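Chemist: no sequence for this one, just the structure:
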């Protein structure tokens, strides 16, 4: 296992358990005590965990980790969601992605499709994004035109946030927005962890002619701080086969299109 992957998994392990001792890390990750201590020191230096005597514990920002340290949970499910998202794209339209692990995978799938799918031959599809990693991934695709919103980049999510984005967004049209969320609350709406991201995401929703939420099944039981919008503000959701059928029936009863990848 590469060190960066191990660090990502170690953060997840500490967040899930609240804390970890060196002995537990040695056993779980099959590393030496010296390596375990170095890994904990590295994470503590970046304020991802709080170092304790003999181990480490979660701190106040552990729920909002830099994307490079997030293990992509349910990678197969996210790929299936991404493939389903491709089927919802009309070649030549203007589509948009906000940041996040699921939207990053979906954007990659769209990029692959535009290079090899005959549907996209002879047309240029415009991608608007406030995620600099997505723009970087897609800029090499010749059948895509990439438009990046303004703003200040957040290292946790690679999203551009702040008032600069509001200067540009009112000047463009978006046909289809693929919206990643941190939590999908049936009662209160769609949420993310940071208020700046929520503001830009809400502006994207307001601009888009239709919005599909890309949410793997664990988002329906998650919580997050900042509200993006109400469920009634979006047209549909794309999720995986692990989603609770009762939840999907509830969404359909409220008029949403439900697509299962």
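Modeler: That came through, no problem. What you see is a predicted model; the values in this text were computed from it and never measured.
Chemist: Identify the residues contacting stretch 22-29?
Modeler: Stretch 22-29 is contacted by residues 1, 6, 9-10, 13, 31-33, 36-37, 39-40, 54-55 when judged by CB atoms under 8 Å, 6 or more residues apart in numbering. Bear in mind the C-beta positions are built from the backbone N, C-alpha and C, glycine included.
Chemist: Tell me the gap between that stretch and the middle of its chain.
Modeler: 29 Å (CA atoms, centre = their mean, to the nearest Å).
Chemist: That one: which residues count as buried?
Modeler: Neighbour counts over stretch 22-29 (16 or more other CB atoms under 10 Å) mark 22, 24-26, 29 as buried.
Chemist: I'd like the distance between residue 142 and residue 97.
Modeler: Residue 142 sits 19 Å away from residue 97, taking CB to CB, to the nearest Å as the criterion.
Chemist: ok, these two, which is more surrounded?
Modeler: residue 97 (27 against 8; other CB atoms under 10 Å).
Chemist: Now do the phi/psi pair for that one.
Modeler: phi -130, psi 130 (degrees, to the nearest 10).
Chemist: now the strands for the stretch 1-150 of the chain?
Modeler: Under the criterion DSSP state E, counting those that start in this stretch, the stretch 1-150 of the chain carries strands at the ranges 19-21, 50-52, 55-57, 94-97, 125-129, 144-148.
Chemist: List buried members of the contacts of stretch 22-29 by neighbour count.
Modeler: Buried members of the contacts of stretch 22-29, scored by 16+ other CB under 10 Å, are 6, 10, 13, 31, 36-37, 39-40, 55.
Chemist: Can you name the residues that contact the closest residue to residue 239 other than its chain neighbours?
Modeler: With CB to CB, 6 or more residues apart in numbering as the criterion, residue 239 has its nearest non-adjacent residue at 5.4 Å, and that residue is residue 215. Listed by CB under 8 Å, 6+ apart, the contact set of residue 215 reads 81, 102, 180-181, 184, 237-239.
Chemist: Please render those as JSON lines that adds secondary structure and distance to residue 204 to the earlier fields.
Modeler: Listed next are the contacts of residue 215 as JSON lines, based on DSSP: H, G, I helix; E, B strand; the rest coil; distance: CB to CB, whole Å:
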{"residue": "81", "secondary structure": "helix", "distance to residue 204": "18"}
{"residue": "102", "secondary structure": "helix", "distance to residue 204": "15"}
{"residue": "180", "secondary structure": "strand", "distance to residue 204": "11"}
{"residue": "181", "secondary structure": "coil", "distance to residue 204": "12"}
{"residue": "184", "secondary structure": "strand", "distance to residue 204": "17"}
{"residue": "237", "secondary structure": "strand", "distance to residue 204": "16"}
{"residue": "238", "secondary structure": "strand", "distance to residue 204": "16"}
{"residue": "239", "secondary structure": "strand", "distance to residue 204": "20"}
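Chemist: from these, which is closest to residue 229?
Modeler: Among those, residue 181 lies closest to residue 229 (CB to CB), at 9.6 Å.
Chemist: Pull the contacting residues for the residue lying closest to that closest one once chain neighbours are set aside.
Modeler: Nearest non-adjacent residue to residue 181, counting by CB to CB, 6+ apart: residue 190, 4.7 Å away. Taking CB under 8 Å, 6+ apart, we find residue 190 in contact with 179, 181, 183-184, 213, 227-231, 234.
Chemist: How about stretch 214-229, which residues are buried there?
Modeler: Within stretch 214-229, the residues that count as buried by 16+ other CB under 10 Å are 214-220, 224, 226-229.
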